[in-house]
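Visitor: Test case, fold it:
(2 chains)
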Amino acid sequence: RKEVEQDPGPFNVPEGATVAFNCTYSNSASQSFFWYRQDCRKEPKLLMSVYSSGNEDGRFTAQLNRASQYISLLIRDSKLSDSATYLCVVNMGRETSYGKLTFGQGTILTVHP
Amino acid sequence: DGGITQSPKYLFRKEGQNVTLSCEQNLNHDAMYWYRQDPGQGLRLIYYSQIVNDFQKGDIAEGYSVSREKKESFPLTVTSAQKNPTAFYLCASSPGGGQPQHFGDGTRLSIL
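Guide: As a prediction, the model looks like this:
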């Protein structure tokens, strides 16, 4: 089993749609969780951290389910500019002092007119 | 502006040649990292450093070397022992303690 696993997609949705991505992680001791966004041939950029209570940032909502070891990202009212690869990122927890992160392979989203 | 600067943006390596990728940050972050990304794949950790004069191997360190003589700088050398160096190389930094990492804009390395 991969340490961090995502559905690679691609997800093709029309503008205005709601789309959700899930990600599972293998280490129950994992401490921190993030979603990054990566545009084609660019560096990853932090989209949002994921907190135990769930958190929202505008059209984006992140949820964490520790019991089932998965995190999710919900995008409402999709825009063309949301087209990108979304990376699920987990701090696996054993050595948090240096913040080693493990990246999923990414989920590709394409929003079309 | 604070950030991470990688150079060069594009680099070509000849057979048997060592090349060095630069990474500089002015965010005052303690931890720095090097990743490799191949087309259609996720990021894989090459080396990381928690503090000056200390660094550790990541998951795919063979054929690479690093140094951390200054807090701001974490150069990566791709040696001739790395037989498949063509990839997108990303440098990142973070304050540590499980906080998110911030990335430079990467270096694309190809073989001539």
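Visitor: Show me what the helix or strand bottoming out on mean pLDDT in chain A pairs with in its sheet, parallel or antiparallel.
Guide: The weakest-scoring helix or strand in chain A, judged by mean pLDDT, DSSP states H and E, is strand A:101-103 (a mean of 88). Using DSSP bridges, the strands paired with strand A:101-103 are strand A:84-91 (antiparallel).
Visitor: Other residues contacting the strand it pairs with?
Guide: A:3-4, A:6, A:21, A:23, A:25, A:27, A:30-40, A:44, A:47, A:71, A:73, A:99-104, A:106-109, B:42-43, B:98, B:100 (Cβ atoms under 8 Å, 6 or more residues apart in numbering or on different chains). For the C-beta atoms, the positions are set from N, CA and C on the backbone; glycine is no exception.
Visitor: Figure out how far it is from the centre of its chain.
Guide: The chain centroid and the centroid of strand A:84-91 are separated by 4 Å, computed with Cα atoms, centre = their mean, to the nearest Å.
Visitor: any weak-confidence spans in the chain?
Guide: Using chain A here. Low-confidence segments of chain A (pLDDT under 70): A:93-99.
Visitor: not what I meant, chain B
Guide: For chain B, the ranges with pLDDT under 70 are B:1-2.
Visitor: Point to the residue nearest the middle of it.
Guide: residue B:34 (3.1 Å; Cα atoms, centre = their mean).
Visitor: Please name the bridge partners of that residue.
Guide: The residues that residue B:34 bridges to, once DSSP bridges is applied, are residue B:47, residue B:91.
Visitor: Find the nearest non-adjacent residue to residue 92, please.
Guide: Because you didn't say which chain, this covers chain A. residue A:27 (4.8 Å; Cβ to Cβ, 6 or more residues apart in numbering or on different chains).
Visitor: oops, I was thinking of chain B
Guide: residue B:101 (4.0 Å).
Visitor: And that neighbour, how close does it get to residue A:40?
Guide: Distance, residue B:101 to residue A:40, using Cβ to Cβ, to the nearest Å: 20 Å.
Visitor: Please identify which of those two sits among more neighbours.
Guide: Shown here are residue B:101 and residue A:40; by other Cβ atoms under 10 Å in any protein chain shown, residue B:101 has more neighbours (29 against 8).
Visitor: Quick one: name the residues of chain A near chain B.
Guide: A:31-32, A:34, A:41-46, A:49, A:87, A:89, A:91, A:96-101, A:103-106 (Cβ under 8 Å from any Cβ of the partner chain).
Visitor: Buried ones from the residues you listed, can you make that a PyMOL selection?
Guide: Buried residues among those (16 or more other Cβ atoms under 10 Å in any protein chain shown), as a PyMOL selection:
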select buried, chain A and resi 32+34+43+44+49+87+89+91+96+98+99+100+101+103+104+105+106
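Visitor: Figure out how far the least confident helix or strand of chain A is from the centre of its chain.
Guide: 11 Å.
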